[in-house]
Each structure stands twice: as C-alpha cells, then as structure tokens.
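A.B. asks: The following block contains a protein sequence and its predicted model.
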Amino acid sequence: MAKTSATKRQITYSVHPAVGFLEAIVTNLPDKTGRSLDQWLALIKKEGPTAEAEQVKWLKTRHSLGGTTAGLIAERAQGKGEENSDGALYVRAAAGYVEAMYAGPKADLRPLHDALIELVRSLGDDVKICPCTTIVPFYREHVFAQIKPTTRTRIDFGLALKGVMKKVPKRLIDTGGLQKGDRITHRIPITAPAEIDAEVREWAEIAYELDGAAPSTRAPSSRASAKLKKK
C-alpha cells in the first residue's frame, strides 16, 4: 500500500471522555475529600501500604473514599496512569498510541486507518477522535464509530447502530453489541482502499446522526436519513 503523507496524519485529538471524567475527580479532590492529589500521595507515602491493591483497600476503609477515587490515587501512587487523568498529557500521548498500533506487523494497515479517519472527520465538525492503545473511537455525545486494526491484513470499522432498522447489509457484521449492552453493534471488515466506498460512508453517517444530541454541522444525506428509525 502507498504510504500516507505526513500532512494527512496531522490530526487533532480530543480528550477521551474517560480521561475527562478522571481529571474532574482530581480537580474536585480538595472539595470532596479535604486533600489534593499531591496531599493524598504524600499521605500514602508516609502512612499507607506499598502495594497498589492494599493502597486501594486502605483508602476505601480508612479514609472512606469511593472505589474510583481510591483506584485513581493508588495508581498515581505507583507512578502510573498520569495521562489517564490529565487531559493535556492524554492528548500528547494519543498520537503515540496510534503510532504504536501500526509500528510493527500492522504497518501496512496505516493508509486504511488514515482514510477512515478522513471519512469520519468529514461527517461534522463536532467529531472527536479519542485514541486508546488498541482502538480509535469517535465521539459526538457518545462513541458512534471506532477503528480497530484486528489482524495484520484487516481493520474492523465499528459502528453504533442501535435505533436503526434491523435489516442491514450482510457486509455489516453483528458484533452482539445490542445483546451485550455495548455501543458498537456492527463492524465492517476493511482490507483494501476500494472497500472504503459509498456504502461505508453511508452507514458511518447513519451512526453519526443517530448520536446527534444537537443539530448536525452538516446537512444529513437523504439516503442516511431514510434509514433512521422514525420516532
């Protein structure tokens, strides 16, 4: 496959919602718990146990912290996860997550990845790209699509299609998401540039529109709108 130009790879990533959630916990620690993160870390170092699991237990039982807050503080006490609760650090790390996905045997999939990125970005100005270590999810209010380099020769383009008519093309493979309560309900296997066609765009647009809590930044296509379940 031809390599994608460096210009097309200049992507602006957004803070993953999970990171934003944890960042808010850190910000609110003084008001909620009476101590800042640094003060909790100093207290653990002075009085707490050394193992992460024991630190979580200690914070919950001795100091009545909730599980998420205790886990966050204990992880930071171990010198880990700073980018998971700091939006600025996450955004700086995000590009590295993507590079790592395609640094080895999956390198030839990078042009497919970049083409899908461009497709989803074109759906609206409110699309947020929030890479994880193994997938790249796209958000409006919720995740509505994702890119996953599943094998050395295939990317699975996942879509959140809850609320659309049940009949979809065989090309869209049911992930079991509806039954499991997952957002991503279908995936389209992509192995070549030609497979990123009008049908892929149509269903990506449907997923985008289904997640629209506010008016879209672009007019919906008539094909996509026709497939949405009428309320």
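C.D. replies: Perfect, I can see it now. Residues are numbered from 1 along each chain as shown.
A.B. asks: How about stretch 187-198, which residues are buried there?
C.D. replies: Buried residues in stretch 187-198, counted by 16 or more other CB atoms under 10 Å: 187-188, 190, 195-196. (Each C-beta comes from the backbone N, C-alpha and C, glycine too.)
A.B. asks: Skip ahead from the longest helix along the chain and say which helix or strand is next.
C.D. replies: Among the segments of the chain that qualify as a helix by DSSP state H, the longest is helix 17-33. The C-terminal neighbour of helix 17-33 among helices and strands, as given by DSSP states H and E, is helix 37-47.
A.B. asks: Show me the contact partners of the very next helix or strand once past that following helix.
C.D. replies: Per DSSP H and E, the first helix or strand lying C-terminal to helix 37-47 is helix 52-63. When contacts are defined by CB atoms under 8 Å, 6 or more residues apart in numbering, helix 52-63 is touched by residues 33, 40, 44, 48-49, 65-67, 69-71, 73-75, 77-78.
A.B. asks: tell me which of these is nearest to residue 179?
C.D. replies: The closest of the contacts of helix 52-63 to residue 179 turns out to be residue 67 (CB to CB; 27.1 Å).
A.B. asks: contacting residues around the closest one?
C.D. replies: Neighbouring residues of residue 67 by CB under 8 Å, 6+ apart: 56, 60.
A.B. asks: circling back to that earlier point, can you add secondary structure and give the buried residues of stretch 187-198 back as TSV?
C.D. replies: As requested, the buried residues of stretch 187-198 are exported to TSV (DSSP: H, G, I helix; E, B strand; the rest coil):
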residue	secondary structure
187	strand
188	strand
190	strand
195	helix
196	coil
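A.B. asks: so can I have a markdown table of these showing distance to residue 175?
C.D. replies: Below are the buried residues of stretch 187-198 laid out as a markdown table (distance: CB to CB, whole Å):
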| residue | distance to residue 175 |
| --- | --- |
| 187 | 5 |
| 188 | 11 |
| 190 | 15 |
| 195 | 18 |
| 196 | 19 |
